[in-house]
Every structure is written in structure tokens, then in C-alpha cells.
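>>> Here is a sequence together with a model predicted from it:
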Amino acid sequence: MICLLRMPIARTMALVDAPDHPRKRHVGPVPLVGGIALFPAIAIGCIQAVALGASDDAVAVMVGMIFGFFMIGYTDDRMHIRPSRRLLLTLILFAALILMSPGFMPEAFRIDGIALHFGAGAVALLGIVGASGALNAINMADGQDGLCSGLILIWLIFLATLPDLATQSAALIAAAAILVVLAFNLTGRVFLGDIGAYGVGAFVLALMLQATGNGVMDHGQIVALLAVPVADCIFLMIERARLEHSPFSPDRRHLHHILQASVGKWPGLAVYLGVVALCALGASVNGWAIYPTIAAAIAFAAGVRCFGHRERLPDMSGPTDA
């Protein structure tokens, strides 16, 4: 219903995205209500997770954290928050989630069934910093119709296969809702916006952290699932630093932009989502398959950046974030 009534809702909430050539190339104003459409489904999924045995205290903290990310995204969509401040708020919210919920803080970092005992504090710090970086990478991937929604759908489908009824239920309810948003997003009628990328991205990452705490998923699987967008984010930051641009500057040097220039918009989207789906398959196999999956994802991101075609555009970086 929110997607059908998208424009009146977007105008009321001042969530209309206007084209900004050359970086934003959509035709006409587009409502940023995809995240708003998904929040009720996420709330229902969390309620169902509690009904199926999830800790009500942990889920309550998670819902509060997710709502905080929705508010960050909503504020940024309306009046732009400096990226450095968004990063600080992201670190604070993930720290609250992990430190206030012991189930999100396992004592060991696990990959391929191997437990590396760094201590609860070190693993918690890795979780906070890693989740914050991953959420930034998810938000940076929200630059093409269907990409961010498609990534989140793939990850939710993976989570729905885990042997934990609470996680399965929450993931399936959110996946059903994002299918609707994806249908509108692919045709350019609805954008997720920062409110969706931050809010729904935080929900997916929280489910992954909860699954590691429950022992039904290990950290190596999380790395494999997120490897492509995270590797692209890291390579992009390095490239911006080499060009003496702010690491937070907007541009069209993202992996999906290079794929668009190399093979076209829709083939590029299919390639990106196809590689991430293969990573999800490798993560589901787990065991020895984790290592080649992660290596292949990093090689894909690096190869596209090194050998793909790029558009010649004027510099849009600006001096610095400050």
C-alpha cells in the first residue's frame, strides 16, 4: 500500500529525490519510501521471532537499534548528515546492540568450524567495526535500480535457510516485503533511499550477528556473503585517497557504475547480483568452500575495477567532508 501511495506519502514526508546530472540520472522525481514500506514487515518479523523462541530482550534492543538507523537514514534523506557523523552514529548503535545483548557477542571468531579465541571484548570490537563498515558498503551500493534491494533479498534468502526457526521466520517475512519493493524499484518508481539502505541493511546485519551468537552461522559465512560490496568499498576508498579526494565524496567510480559502463545497465546488474548469489551459495556450503568464495569475490571486485570501462565525468568529489 505504501508503494502504491508512494508520491503522496513522499511529498508529505519530504522524501522526494530529484535528478542531479551527472551523478543522479533518473527521469523526474522519485519517492524515497522503500524503507518506510519495509519497516512494518521488519517489526512483524521480529515479533514472530520472539514467538518462536528468540530472546525478547535481545529482539527489543535490535528493534530499537534498527529504528535508530531508520531515523538516521530519514534525516539524511531530508537534510544530509555529514558522512563522518553518520559513521560515528553507526558505531554507537552497533556498539549498543552488541554490548547490551550478550547473545550477539560470542567469545570466539569462527571460520570453517575453527574457533579463534580472541576474547569476548575483541570479538565484540570486530563485530562493531565490521558491521559499521559493512553497512556503509551496503549504503554505497544503493546507486542503481534493483541493486541494493536485490542484495538484501539474496542475504535474506540465505538467512531463511539457517536451522533456526526464529531467524528463518524474520528473514522470510522481510524477504516477502522486499520482493514487492524490488518490483517497484526495478522500474524506477520507488527508491530505498538512505532510510532503507541503513534501516534494512542494519536489520540484515543484526540477523547475521544473532545467528553467529546462536551458533547456526559463523563469521566466515558473513564475510563471504558481504565480500563483494565490502571489497568494492575498500578499493574505492583507496582509489579516492590516491586521487586526493575525500573518502566520503560522491562519484560514479563504484563497482556497479563500472559494470554499467562495461556491459550495460541490466547485464551489469545481473552480473553483480549473480556473483553475490554465488557467494551466498559458497557460504551455504561453508567448510573449505569459504576460502575460494571470499578470494573469488575479492578478485571479481578488483578485476572489474582494473579492467572495466569507466565514464569520463567532471570531478564531483569536492574538497573534504569537513
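Cool, the structure landed.

>>> where does this protein have low pLDDT?
Residue ranges of the chain with pLDDT under 70: 20-27, 312-322.

>>> for it, what spans make up the helices?
With DSSP state H as the criterion, the chain has helices at 6-12, 34-51, 56-79, 83-100, 120-140, 147-160, 165-186, 193-214, 219-242, 255-263, 265-285, 290-307.

>>> Which one, of those helices, ends up nearest to Ile111?
Nearest of the helices of the chain to Ile111, taken as CB to CB: helix 219-242 at 3.2 Å. All C-beta spots, glycine's among them, are computed from the backbone N, C-alpha and C.

>>> the inter-axis angle of that closest one versus helix 290-307?
Orientation of helix 219-242 against helix 290-307 (axes from the mean of the first three to the mean of the last three CA atoms, to 10 degrees) gives an angle of 20 degrees.

>>> Helix 219-242 - contacts with which helices or strands?
Secondary-structure packing of helix 219-242 (3 or more CB pairs under 8 Å, 6 or more residues apart in numbering; DSSP states H and E): strand 109-111, helix 120-140, helix 147-160, helix 193-214, helix 255-263, helix 265-285, helix 290-307.

>>> re earlier: now the helices of the chain in a markdown table, with mean neighbour count and distance to Pro19?
Output for the helices of the chain, formatted as a markdown table (neighbours: other CB atoms under 10 Å; distance: least, CB to CB, whole Å):
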| stretch | mean neighbour count | distance to Pro19 |
| --- | --- | --- |
| helix 6-12 | 16 | 15 |
| helix 34-51 | 21 | 18 |
| helix 56-79 | 19 | 15 |
| helix 83-100 | 18 | 22 |
| helix 120-140 | 20 | 20 |
| helix 147-160 | 23 | 18 |
| helix 165-186 | 21 | 16 |
| helix 193-214 | 26 | 15 |
| helix 219-242 | 21 | 23 |
| helix 255-263 | 21 | 16 |
| helix 265-285 | 18 | 16 |
| helix 290-307 | 17 | 26 |
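
>>> Of these, which is nearest Phe248?
Short answer: helix 83-100, nearest of these by CB to CB, at 3.5 Å.

>>> Any chance of the helices and strands packed on helix 219-242 in a markdown table with distance to Ala171 as columns?
A markdown table is the format used below for these (distance: least, CB to CB, whole Å):
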| stretch | distance to Ala171 |
| --- | --- |
| strand 109-111 | 20 |
| helix 120-140 | 16 |
| helix 147-160 | 4 |
| helix 193-214 | 6 |
| helix 255-263 | 24 |
| helix 265-285 | 12 |
| helix 290-307 | 20 |
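
>>> Quick check: which of those is nearest to Val180?
Checking the helices and strands packed on helix 219-242 against Val180 by CB to CB gives helix 147-160 as the closest, at 10.0 Å.

>>> Report the inter-axis angle for that closest one versus helix 120-140.
With the same axes, to 10 degrees defining the directions, helix 147-160 sits at 140 degrees from helix 120-140.

>>> what sits up against helix 147-160?
34, 138, 141-142, 167-168, 170-172, 174-175, 178-179, 181-182, 185-186, 192, 196-197, 200-201, 204, 207-208, 211, 225, 229, 256, 269, 272-273, 276-277, 280, 283-284 (CB atoms under 8 Å, 6 or more residues apart in numbering).

>>> hmm, back to that, between the helices and strands packed on helix 219-242, which one is closest to Met79.
helix 193-214 (11.2 Å).

>>> Off-centre distance for that closest one?
Centre-to-centre, helix 193-214 and its host chain are 7 Å apart (CA atoms, centre = their mean, to the nearest Å).

>>> Mind giving me the packing neighbours of that helix?
Checking 3+ CB pairs under 8 Å, 6+ apart, helix 193-214 ends up next to helix 34-51, helix 56-79, helix 83-100, helix 120-140, helix 147-160, helix 165-186, helix 219-242.

>>> Go ahead and produce PDB holding the CA coordinates of that helix.
Extracted as PDB, the C-alpha positions of helix 193-214 are listed here (Å, rounded to 0.1, in the frame of the first residue of the first chain):
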ATOM      1  CA  GLY A 193      16.900   5.900   0.000                       C
ATOM      2  CA  ASP A 194      19.200   6.100   2.900                       C
ATOM      3  CA  ILE A 195      16.300   5.300   5.200                       C
ATOM      4  CA  GLY A 196      16.000   1.900   3.500                       C
ATOM      5  CA  ALA A 197      19.700   1.200   3.000                       C
ATOM      6  CA  TYR A 198      20.500   2.000   6.600                       C
ATOM      7  CA  GLY A 199      17.400   0.600   8.300                       C
ATOM      8  CA  VAL A 200      17.000  -2.700   6.300                       C
ATOM      9  CA  GLY A 201      20.800  -3.100   6.000                       C
ATOM     10  CA  ALA A 202      21.100  -2.900   9.800                       C
ATOM     11  CA  PHE A 203      18.300  -5.500  10.200                       C
ATOM     12  CA  VAL A 204      20.100  -8.000   7.900                       C
ATOM     13  CA  LEU A 205      23.400  -7.400   9.700                       C
ATOM     14  CA  ALA A 206      21.700  -7.800  13.100                       C
ATOM     15  CA  LEU A 207      20.200 -11.100  12.000                       C
ATOM     16  CA  MET A 208      23.600 -12.300  10.900                       C
ATOM     17  CA  LEU A 209      25.200 -11.300  14.200                       C
ATOM     18  CA  GLN A 210      22.400 -13.000  16.100                       C
ATOM     19  CA  ALA A 211      22.800 -16.200  14.000                       C
ATOM     20  CA  THR A 212      26.600 -16.300  14.900                       C
ATOM     21  CA  GLY A 213      25.600 -15.800  18.600                       C
ATOM     22  CA  ASN A 214      23.200 -18.700  18.300                       C
END
